[in-house]
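**Student:** With the input below, show me the fold.
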Amino acid sequence: VISFPRDLMIPIPSCTRPDGSTTSAMSKQQLNSTFSYGGLSCAVKTISELTGQNIPFAASVTFGGVIQITDAIGGVDVCIANGIRDPYTGIDWPAGTRNVQGWDALQFLRTRHGVGNGGDLGRISNQQQYMSRLANKLKSQDVLSNPATLYKLASTALRNVDPSTSLTNPLTLVQIASAVKDVPFNEIVFIQYPTYTDPSNPNRVVPDRTDADTLW
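**Tutor:** So this is what the prediction gives:
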């Protein structure tokens, strides 16, 4: 599982908007701007061109979707190493294990002022821990092996995400889950796309293409 920083400065290709119009290619823009330029398909095209990887499926999850999906499995247990205090999200949590669901789950994923140096890279560690614990819970409770439960979860997900057309059938999600259910949890690895500080802006990052080549 590879996380790409929101603040990654990269070339943005020409994209087709939902209304059929096209955007101009740009040599260097922030990754998260792809959603405003051309929506989910533009983000996918940008990542595909950056990595050279084919991306057959894509989905974007709304804030409300995070709450609904987390609640559907009874929340996720996360470990807070040093405590989190962030006035921007209202979080003031002590160190230790905490079950997050509902609004708390969303704020845990969004907070960045309460972790690391207050930047996006620190927030990624929270997001990856959440996804890792979510994956572990799905596997440990045999959700992926129970077709009825899996179909219910897939249907909940589809009501709360904006999927590519290839993902609009819940059975497709069930088939994907069935294909990965036997992968040992310790072989599901979470990493961050390699970057270094943008020489022209200390608040942004640029690709470390040498390490990225090694990664791929």
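**Student:** Using PDB, write out every CA atom in the helix ranked longest in the chain.
**Tutor:** The helix that spans the most residues within the chain, counting by DSSP state H, is helix 120-140. Output in PDB follows, covering the C-alpha atoms of helix 120-140 (Å, rounded to 0.1, in the frame of the first residue of the first chain):
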ATOM      1  CA  ASP A 120       1.200  16.200   5.700                       C
ATOM      2  CA  LEU A 121       3.900  13.600   6.000                       C
ATOM      3  CA  GLY A 122       3.200  13.100   9.700                       C
ATOM      4  CA  ARG A 123      -0.500  12.700   9.000                       C
ATOM      5  CA  ILE A 124       0.300   9.800   6.600                       C
ATOM      6  CA  SER A 125       1.600   7.700   9.500                       C
ATOM      7  CA  ASN A 126      -1.800   8.000  11.200                       C
ATOM      8  CA  GLN A 127      -3.600   7.100   8.000                       C
ATOM      9  CA  GLN A 128      -1.400   4.100   7.400                       C
ATOM     10  CA  GLN A 129      -1.800   2.900  10.900                       C
ATOM     11  CA  TYR A 130      -5.600   3.200  10.500                       C
ATOM     12  CA  MET A 131      -5.600   1.200   7.200                       C
ATOM     13  CA  SER A 132      -3.300  -1.400   8.700                       C
ATOM     14  CA  ARG A 133      -5.500  -1.900  11.700                       C
ATOM     15  CA  LEU A 134      -8.600  -1.900   9.500                       C
ATOM     16  CA  ALA A 135      -7.100  -4.600   7.200                       C
ATOM     17  CA  ASN A 136      -6.000  -6.700  10.300                       C
ATOM     18  CA  LYS A 137      -9.500  -6.500  11.700                       C
ATOM     19  CA  LEU A 138     -11.100  -7.500   8.400                       C
ATOM     20  CA  LYS A 139      -8.800 -10.500   8.200                       C
ATOM     21  CA  SER A 140      -8.800 -11.500  11.900                       C
END
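**Student:** Tell me the helix or strand right after that helix.
**Tutor:** With elements assigned by DSSP states H and E, the helix or strand that comes after helix 120-140 is helix 147-158.
**Student:** what does that following helix contact?
**Tutor:** With contact meaning C-beta atoms under 8 Å, 6 or more residues apart in numbering, helix 147-158 is reached by 59, 65, 68-69, 72-73, 143-144, 167-168, 170-171, 173-174, 177-178. No exception for glycine: its C-beta is placed from N, CA and C like everyone else's.
**Student:** so which of the residues you listed is the most crowded?
**Tutor:** When neighbours are taken as other C-beta atoms under 10 Å, the top entry among the contacts of helix 147-158 is residue 173 (22 neighbours).
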